[in-house]
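Chemist: need a 3D model of the following:
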Amino acid sequence: MLEQVYNAIFIGSIYALFAVGFALVFSVLDILNLAHPTVFMLGAFVALFAIATLGLPWYVAIVLAFVATGLFGILLDRIAFAPLRRRGAPQLSTMISSIAVTLVVVRLVELRYGGDFITFPRGTVPSFLIQIGDATLEGIRVVIIATALVLMAGLTYLIRSTSIGRDIRALAENPRAARILGVDIERAVAATFFVSSGLGGLAGALLAFAYDSLDSKMGLSLELRAFTVMVVGGMGSLPGAVIGAYVLAFGEVGSLVYLPAELRDAFAFGLLFLVLIARPTGLLGQRNADRV
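Modeler: I've put the predicted structure just below:
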């Protein structure tokens, strides 16, 4: 039982890191960044490059993955979203633009690394076990869980207690009023994409470490889950995204234990559907001004 709880917390931590980045961009700019799964994949490949090519240790590689994907997020905004935002383009245009970037980036990665599964060089990611009673836990997953919790706490502090966080919240509430009050809109948008993409890329690197496997399409399976988590938690609510991520993870692990594997997705998403029936605005649905 302890091992199942541990597995659910691990999966939920990965979902949460991925989903809060997805939700952050939506809460601030009201756009669905469909290139976020590509950022997730890029984080894993940046870590691979840092370890296999540059010879860096794994803990430096995850920092590099965060920074590199954060900078990619800023570039993504400048290429795919900012021109459309200035022209007042509809949301559908931004979604199509982000899909186009995804197709280009995935193809470039496949040209360099191919489309098959890749593993890290042997011995580069530490492997150790932790024994708690009758349960045996993988140490690297415990480290990943702790890292995810620290990062989510850090994001909360950034948004609630720093000047750039106040600028981001002002932008989310009312962009025109924020500009009148002297908020540097472009700086706030850049910070939003940097943090969002950095967390998404870091989630990809951590998951690749845990499974010792990565490929060019590894983020696609998380896109629907992230969107579902965001809706269930409350559109644009960062705490809601975190709670929704763990609800989904526990539902998936529970379905694997008590139901046939084929019903995993049906049970998990059915559970979240029931949450929406009971509360259509999501678990922590709030008005726009308060969602970040």
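
Chemist: per-residue confidence averaged over stretch 171-184?
Modeler: Taken as a whole, stretch 171-184 has an average pLDDT of 85.

Chemist: let me redo that: stretch 86-100
Modeler: 84.

Chemist: export it as PDB, just CAs?
Modeler: Extracted in PDB, the C-alpha atoms of stretch 86-100 (Å, rounded to 0.1, in the frame of the first residue of the first chain):
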ATOM      1  CA  ARG A  86      -0.100  42.800 -30.800                       C
ATOM      2  CA  ARG A  87      -2.700  42.300 -33.600                       C
ATOM      3  CA  GLY A  88      -5.400  41.100 -31.300                       C
ATOM      4  CA  ALA A  89      -5.600  37.700 -33.000                       C
ATOM      5  CA  PRO A  90      -8.200  35.200 -31.700                       C
ATOM      6  CA  GLN A  91      -7.200  32.300 -29.400                       C
ATOM      7  CA  LEU A  92      -7.400  29.800 -32.200                       C
ATOM      8  CA  SER A  93      -4.600  31.600 -34.000                       C
ATOM      9  CA  THR A  94      -2.300  31.300 -31.100                       C
ATOM     10  CA  MET A  95      -3.100  27.600 -30.600                       C
ATOM     11  CA  ILE A  96      -2.300  26.900 -34.300                       C
ATOM     12  CA  SER A  97       0.900  29.000 -34.000                       C
ATOM     13  CA  SER A  98       2.100  26.900 -31.000                       C
ATOM     14  CA  ILE A  99       1.300  23.700 -32.800                       C
ATOM     15  CA  ALA A 100       3.400  24.800 -35.700                       C
END
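
Chemist: what is the distance between it and the centre of its chain?
Modeler: 21 Å (C-alpha atoms, centre = their mean, to the nearest Å).

Chemist: only the buried residues of it, if you could.
Modeler: Applying a neighbour-count criterion of 16 or more other C-beta atoms under 10 Å, one finds 93-95, 97-98 buried in stretch 86-100. Heads up, the C-betas are built off the backbone N, CA and C, glycines and all.

Chemist: can those residues go into a markdown table with extra columns for secondary structure and distance to residue 252?
Modeler: Below are the buried residues of stretch 86-100 laid out as a markdown table (DSSP: H, G, I helix; E, B strand; the rest coil; distance: C-beta to C-beta, whole Å):
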| residue | secondary structure | distance to residue 252 |
| --- | --- | --- |
| 93 | helix | 34 |
| 94 | helix | 30 |
| 95 | helix | 27 |
| 97 | helix | 31 |
| 98 | helix | 26 |
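
Chemist: CA atoms only for stretch 51-65 - export them in CSV, please.
Modeler: Taking Å, rounded to 0.1, in the frame of the first residue of the first chain, the C-alpha atoms of stretch 51-65 are listed here in CSV:
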residue,chain,number,x,y,z
ILE,A,51,25.3,14.7,-19.4
ALA,A,52,26.3,12.7,-22.5
THR,A,53,28.1,15.5,-24.5
LEU,A,54,29.2,18.0,-21.9
GLY,A,55,30.0,15.5,-19.2
LEU,A,56,28.1,17.4,-16.5
PRO,A,57,26.6,15.7,-13.4
TRP,A,58,22.9,15.0,-13.3
TYR,A,59,22.2,17.7,-10.7
VAL,A,60,23.8,20.4,-12.9
ALA,A,61,22.0,19.0,-15.9
ILE,A,62,18.6,19.6,-14.4
VAL,A,63,19.5,23.2,-13.6
LEU,A,64,20.7,23.7,-17.2
ALA,A,65,17.4,22.1,-18.4
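
Chemist: thank you, goodbye.
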